[in-house]
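Student: Could you look at this predicted model? Sequence included:
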Amino acid sequence: MLSNEQLLNYEQAGFISALDVMSPEEALVIRRSLEAFEATQGGQLDASQRSRAFLLFKWLDDLIRDPRVLDPIEQLIGSNILCWSTIFWIKEAGSQSFVDWHQDNTYWGLSSRRVVTAWFAISDASEEAGCMGVIPGTHNGDTLAHEDTYDKNNMLSRGQRIMNLDKDKAVLMPLRAGQMSLHNYCLAHGSGPNVSADRRMGVSMHFMPPETSQVVGSWDCASLVRGVDTYQHFVHTPRPRFDMDPESVAFHEKAATAMRDVLYAGAQQKLARL
């Protein structure tokens, strides 16, 4: 559970870092499961498998419902919680891949400013490995101007970045395997390349109150992970009974396509990154 000090920091600065979710040993079980799946298809995930993979992997569906994840989320947005998406962020050892500074609310099409991202470290996310950094307080002001760069090393869907950003106040948020950070999705954030000798493996989980609606896409879905949804703005996703359950895999194809349509709305190029 979050302390009053942490709750105040989230309200004012927009983030909370290094919350213990599970032991490194428990996180290693998740890593081995994911890497075993990657090994069946050439050693990495397909682009479409990066997003909404809670429909593909039972362990990830379990994680988005884990009380150790949801209890602090409930303190921030209330007892009724939808998970809009998950996204894998994997940087290979020595990779030049990075995530430029951006605010997610600029291109997710969600009506609420109360969406919370929980970034969970499957492996250690040290400063050397390219951990996330944030600019405190940027979630409270006007949304900053972005531009699409389509940079080949930028992991974002269209290589977007904030224009004219003052980075002097940036705060890095290193995590050990099994920890997570929380941030408001309106907060400016990004991460650098992985210059360590190990893969930096993480998954972001995006939670929202059910009064949120999708204002860009014509159809969207979410998983009801706690409480009730009296608004029904999103189609509720099925739960996989096991990894790669055919029923939820079929739903994932539609869900991933819908997310891409939202992320690439108005883009000049549609890069196959998600």
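Tutor: That came through fine.
Student: pLDDT averaged over stretch 40-47, what's the number?
Tutor: Averaging pLDDT along stretch 40-47 gives 96.
Student: next one: stretch 158-174
Tutor: 96.
Student: in stretch 149-164, what counts as buried?
Tutor: Using 16 or more other CB atoms under 10 Å as the burial criterion, the residues of stretch 149-164 that qualify are 154-162. (Each C-beta comes from the backbone N, C-alpha and C, glycine too.)
Student: Can you give me the first-to-last residue distance of that stretch?
Tutor: Stretch 149-164 stretches 14 Å from its first residue to its last (CA to CA, to the nearest Å).
Student: which residues sit against it?
Tutor: The contact list for stretch 149-164, computed with CB atoms under 8 Å, 6 or more residues apart in numbering, reads 89, 91, 96-103, 106-107, 144-148, 188, 190, 193, 260, 263-264, 267-269, 271, 273-274.
Student: Following the chain past the helix or strand that contains residue 11, name the next helix or strand.
Tutor: Per DSSP states H and E: residue 11 is located in helix 4-13. Sequence order places strand 15-20 as the next helix or strand after helix 4-13, per DSSP H and E.
Student: Tell me which residue is most central in the protein.
Tutor: When CA atoms, centre = their mean is applied to the chain, the residue found nearest the centroid is residue 204 (2.5 Å).
Student: and that one, backbone torsions?
Tutor: Main-chain torsions, residue 204, degrees, to the nearest 10: phi -100, psi 140.
Student: if I look at it, how far off is residue 106?
Tutor: Distance of residue 204 to residue 106, given as CB to CB, to the nearest Å: 16 Å.
Student: got it, and residue 142?
Tutor: For residue 142, the distance to residue 106 (CB to CB) stands at 11 Å.
Student: Looking at the two, which is more packed in?
Tutor: Set residue 142 next to residue 106 and count neighbours by other CB atoms under 10 Å: residue 106 wins out with 15 against 7.
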